[in-house]
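*Asks:* sequence and predicted model, in that order:
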Amino acid sequence: MTATVLQAKGITKEFPGVLANDHVDFDLREGEIHALLGENGAGKSTLMNIIYGLYNQDEGEIIINGQPSNITTPNDAIEYGIGMVHQHFMLIPVFRVTENIMLGAETLHRDKNRTPPFWKRGIFEWVRQLDFLERRAVTKKVSELSHQYGLDIDPDAIVGDLPVGVQQRVEIIKALYRNAKILILDEPSAVLTPQEVEDLFRIMRELTSRGVSIIFITHKLKEVLAVADRITVMRAGKVVDTVIPEESNEQKLASLMVGRDVLLKVDKKTAHPKGDVLTVSDLRVVDHRKLDVVRGVSFNVRRGEILGIAGVQGNGQTELIEALTGLRPTRSGKVILAGKDVTGKPPRVVTEAGLGHIPEDRQRHGLVLSYPITDNIMLCTYYLPPFAKGFTIQQKAVDEVTRQLIKAFDVRTPSPFVITSKLSGGNQQKVIVARELSRPVNLLIANQPTRGLDVGSIEYIHKEIIAMRDRGVGVLLVSAELDEILSLSDRIAVIYRGEIVTTVDAKDATREQLGLWMAGAKPESA
Amino acid sequence: MPETEEKKTKPQSFLSGVLQEAVSGSVLVPLLAILTAMILGGVVIAMAGGNPFAAYLGLAEGAFGSAKAWSETAVWATPYIFAGLAVALAFKGGLFNIGAEGQLALGAVVSAWIGYALPDILGISLPPVIHVLLAVGIGMLTGAFWAAIPGWLKAYTGGHEVINTIMMNYIALNMTSFLLNGPMKDPSPTNVIARTPLIAESARMPVLFEGYRVHWGFVLALVIAFLTWWLLQKTTLGFEIRTVGANPDAAKYAGINVKRIIILTMALSGMLAGMAGTVEVTALNYRHELGFSVGYGFDAIAIALLGKTHPLGVVLASILFAAMRNGATRMQFLTQIPVDVISVIQALILLFVAADAIVRYIYRIRAPEEHLTLTRGWGG
């Protein structure tokens, strides 16, 4: 039995109206990967923020290496050898890797001998008196750490130029540089491609083999089963159970997380597609730097089918969807939606041609967070009956429709007038889904419809998308989750560097083959 | 839908909206800011050797002590309300209109010209109602046009409206100065002041009560305040303005023409500012004189902030500022405390409203989760 390096005992933390942690017990053994699994709002992040000193607990204690600790700030936590890699990186993009790593722990050197007493100093002595950053030694140490743990990082690279997966490694090195022995990784795989996730897992195992202990926060079941030594499941602020992967499976974990049996596999009948609802021919789109990011894409979506677009993020999906929905100008090509040419038309025209759009960034495009739910429900059709009569808003009708949709789409909220930012991510997404699916639409574009959502919400949104398909709506689905593409789509198009590599029937697609195409492999004479 | 649920959640009405604000602390904070500023102002008065209680009593007496005092407070409040609404409306649309002062000055000049010169040019005497409407209407449109320029620059070039409205202020104020010293100067032989001739009787807005200066412009201001609230909260255009202000990306997604709304918001804001100038000319001074505006356009920013950009809040804040300005003279007469102390208190109020964390700390009010976004960063 290995030693316990960190133990949280009876941690309780209350926020106004929520008991975020209710007498939580948690322990971490030396050299293990301990996954902390739970839905959004289950209290995982609260617990970690308490351990890292970002919050202070109301009750309970944290014992490190057998000694009671007194952590009130992140600096204390660092002193105790705890490092945290946040979901959103805390890096300065214009700085070099080395500079980012030394930030807050700068090594300085000053030539004391050359400094005369201050009354004898001239201007040059004043300059010499300044502290200088000891960059070379840090660079050397970063290289060493990088080799030691197989992280493969160029210390002189500008952080903003690095891919997300590498930026994450910079964060990990940053923690190691501060002598972290306990590493907290908060949803580390959320921003990574499947290949990068594999790399991350390799690095995590490398770290643990060298005595680092890792707390791995996630809500992805596959990942915990693949990498964790032990899994602690939290629900509604409490620890539900701690299990080992060998004795568990996805279904069991999901049930523990949600508190009821969950349908992980999407239940869907065979599609009966009819005529084309969307035809895209030779579409070209440029990004803000005027670089070609969508290069001559052609495809079609039929009524009553789901076309999934698979691809590693950043291969033109975002720009493609923005061009289709009127948010971004097109350079050339043609887009026909329900028989109407909507190429380069503004969003309103496309919406009126029968588009429902679940946008990629729900908080930026999909919602006005400072609005009550009612205003977000009418966001796209506020000028049409029943929401408006002439140019006056019919508040009664808006409230009525909102109440109905809240019920029909199971949005968890005490009232239709709650400010949208106060809803959980899943419920925010449900507001968008309710708005976009309650209109008579010909085509639904769903871009990352379940990103960052909990299992329960994912299950719900998948069901709604399939129901739309069965009602004869064409669905264009973009997702970075291969599993989501595979389980929902009827046909799958693979996008790589702004081109559709191939389109296959979902029945014939395998994970491995899609993964290869997504990485740029050419299909054999399709 | 079951009837029971219908009762539980009432649709948001004007009053319930105000109540909600009151509970959430966004009304409480301005009130406490005023209180704190008055206390500190009292300390200043005491240090200057005066009696704060006597001073405030004099202030209140000067502002509300008689029918005449009430009338004068209303006269002061009128331009504040218009200009305050102008700034508040722009805030709602995510724009910071610092140019109210210039828009107001141009509105005043143009409406004065319509007032004194138009009948001669047309060679007819205009019927009173028509002439007033023309003077006010065209003055308003001038303000709208002047503000629409920085709006257009913002929408199509990304030029920040703060810089551009400030620049437009200089252009407007210098242009006004030129006109009042030159082509539009009152030609009467005894005149040495940069001012226009008096406007025709037919272009004058009548007073409300004989013997008092308070005029129909005050009533108009209250009506416009209500219309501004109605426009913002109850119409599709208002929804568009608020959405662009709250989240321009979502507005674009929702099919709103963001550029058009930015220009329109600035134009509406400028129109309200123009009204402040035009009402001063047609209802109070009957001419435009250089330096008639004692910084209405800038006080308007303080008023819009103190009123939390809500039209009712703007009206109340305007009346407060008007009362302070109006009562100050009486206070000085009674207690020999200089009127400048009022500027100190007004500055303190603004300080406490802007840095509301201070007030929240003093009175232990929990901060709201969402901060009021008045304007976005320089990047736009």
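*Replies:* On my side now, so go ahead.
*Asks:* the residue of chain B found nearest chain A - nearest residue in space that isn't next to it in sequence?
*Replies:* In chain B, the residue that lies nearest chain A is residue B:255 (3.1 Å; CB to the nearest CB). All C-beta atoms are positioned from the backbone trio N, CA, C, and that covers glycine. Of all residues not flanking residue B:255 in the chain, residue A:348 sits nearest, at 3.1 Å (CB to CB, 6 or more residues apart in numbering or on different chains).
*Asks:* from residue A:357, how far out is that neighbour?
*Replies:* 12 Å (CB to CB, to the nearest Å).
*Asks:* for residue B:330, give me phi and psi.
*Replies:* According to degrees, to the nearest 10, the main-chain angles of residue B:330 amount to phi -60, psi -40.
*Asks:* what distance do you get for it to residue B:45?
*Replies:* Distance from residue B:330 to residue B:45, by CB to CB: 15 Å.
*Asks:* ok, residue A:380 touching residue A:350?
*Replies:* No - under the criterion of CB atoms under 8 Å, residue A:380 makes no contact with residue A:350, lying 10.7 Å away.
*Asks:* so the residue of chain B closest to chain A makes contact with residue A:355?
*Replies:* No - here residue B:255 does not reach residue A:355: they are 10.2 Å apart, not a contact under CB under 8 Å.
*Asks:* okay, the two: which has more neighbours?
*Replies:* More crowded of residue B:255 and residue A:355, by other CB atoms under 10 Å in any protein chain shown: residue A:355, with 26 against 20.
*Asks:* contact partners for that one?
*Replies:* By CB atoms under 8 Å, 6 or more residues apart in numbering or on different chains, the contact list for residue A:355 reads A:325, A:337, A:441, A:442, A:443, A:444, A:445.
*Asks:* SS state for residue B:190?
*Replies:* coil (DSSP: H, G, I helix; E, B strand; the rest coil).
*Asks:* quick check on it: phi, psi?
*Replies:* Torsion angles, degrees, to the nearest 10, at residue B:190: phi -80, psi -10.
*Asks:* then residue B:211?
*Replies:* Per degrees, to the nearest 10, the backbone of residue B:211 is at phi 90, psi -10.
*Asks:* hang on, the earlier thing: distance of the residue of chain B closest to chain A from residue A:380?
*Replies:* 6 Å.
*Asks:* list residues touching both of these two?
*Replies:* Contacts common to residue B:255 and residue A:380, judged by CB under 8 Å, 6+ apart, are residue A:351.
*Asks:* helices and strands around the longest helix anywhere in chain B, which ones?
*Replies:* Counting by DSSP state H, the longest helix found in chain B is helix B:128-157. Packed against helix B:128-157 by the contact rule (3 or more CB pairs under 8 Å, 6 or more residues apart in numbering or on different chains; DSSP states H and E) you find helix B:100-116, helix B:118-122, helix B:161-181, helix B:258-280.
*Asks:* winner for burial among those?
*Replies:* Per-stretch averages of neighbours, counted by mean count of other CB atoms under 10 Å in any protein chain shown, single out helix B:100-116 among the helices and strands packed on helix B:128-157, with a mean of 29.
*Asks:* between it and helix B:128-157, how many degrees?
*Replies:* 150 degrees (axes from the mean of the first three to the mean of the last three CA atoms, to 10 degrees).
*Asks:* pull the CA atoms of helix B:100-116 into PDB?
*Replies:* These are the backbone C-alpha positions of helix B:100-116, laid out as PDB (Å, rounded to 0.1, in the frame of the first residue of the first chain):
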ATOM      1  CA  ALA B 100     -24.300  65.300 -26.100                       C
ATOM      2  CA  GLU B 101     -22.900  68.800 -25.500                       C
ATOM      3  CA  GLY B 102     -22.100  69.400 -29.100                       C
ATOM      4  CA  GLN B 103     -25.300  67.800 -30.400                       C
ATOM      5  CA  LEU B 104     -27.200  70.000 -27.900                       C
ATOM      6  CA  ALA B 105     -25.400  73.200 -29.100                       C
ATOM      7  CA  LEU B 106     -26.100  72.600 -32.700                       C
ATOM      8  CA  GLY B 107     -29.700  71.700 -32.100                       C
ATOM      9  CA  ALA B 108     -30.000  75.000 -30.200                       C
ATOM     10  CA  VAL B 109     -28.400  77.100 -33.000                       C
ATOM     11  CA  VAL B 110     -30.500  75.500 -35.700                       C
ATOM     12  CA  SER B 111     -33.700  75.900 -33.800                       C
ATOM     13  CA  ALA B 112     -32.900  79.500 -33.000                       C
ATOM     14  CA  TRP B 113     -32.300  80.200 -36.700                       C
ATOM     15  CA  ILE B 114     -35.700  78.500 -37.500                       C
ATOM     16  CA  GLY B 115     -37.200  80.700 -34.800                       C
ATOM     17  CA  TYR B 116     -36.000  84.100 -35.900                       C
END
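*Asks:* for the record, mean pLDDT for it?
*Replies:* Across helix B:100-116, pLDDT averages out at 95.
*Asks:* just to revisit the earlier point, looking at residue A:348 and residue A:357, which one has more neighbours?
*Replies:* Set side by side, residue A:348 and residue A:357 show more neighbours around residue A:357, with 27 against 17, by other CB under 10 Å.
*Asks:* next one: the helix or strand harbouring that one to chain centre, how far?
*Replies:* If you go by DSSP states H and E, residue A:357 is part of strand A:355-358. Chain-centre distance of strand A:355-358: 21 Å, with CA atoms, centre = their mean, to the nearest Å.
*Asks:* which strands border it, and is each parallel or antiparallel?
*Replies:* Strand A:355-358 has the following sheet partners, assigned by DSSP bridges: strand A:443-447 (parallel).
*Asks:* just checking, next helix/strand downstream of the partner strand?
*Replies:* helix A:455-470.
*Asks:* which bits of chain A sit near chain B?
*Replies:* For chain A, the contact set with chain B under CB under 8 Å from any CB of the partner chain comprises A:325, A:327, A:346-348, A:351, A:357, A:359, A:364-372, A:375, A:378-380, A:382-383, A:388, A:391-393, A:395-396, A:399-400, A:403-404, A:415-417, A:419, A:421-422.
*Asks:* just the buried residues of those.
*Replies:* Neighbour-count burial (16 or more other CB atoms under 10 Å in any protein chain shown) applied to the residues of chain A next to chain B gives A:325, A:327, A:346-348, A:351, A:357, A:359, A:365-372, A:375, A:378-380, A:382-383, A:388, A:393, A:395, A:399-400, A:403, A:415-417, A:419.
*Asks:* tell me which residue in the stretch 1-150 of chain A sits closest to chain B.
*Replies:* residue A:16 (8.0 Å).
*Asks:* secondary structure element holding the residue of chain B closest to chain A?
*Replies:* Judged by DSSP H and E, residue B:255 forms part of no helix or strand.
*Asks:* tell me the contacts of the nearest residue to residue B:272 once chain neighbours are set aside?
*Replies:* Ranked by CB to CB, 6+ apart and with sequence neighbours excluded, the top spatial neighbour of residue B:272 is residue B:86, at 3.7 Å. By CB under 8 Å, 6+ apart, the residues touching residue B:86 are B:97, B:100, B:103, B:269, B:270, B:271, B:272, B:273, B:276, B:300.
*Asks:* just checking, residue B:272 touches residue B:80?
*Replies:* No - judged on CB under 8 Å, residue B:272 makes no contact with residue B:80 at a distance of 11.7 Å.
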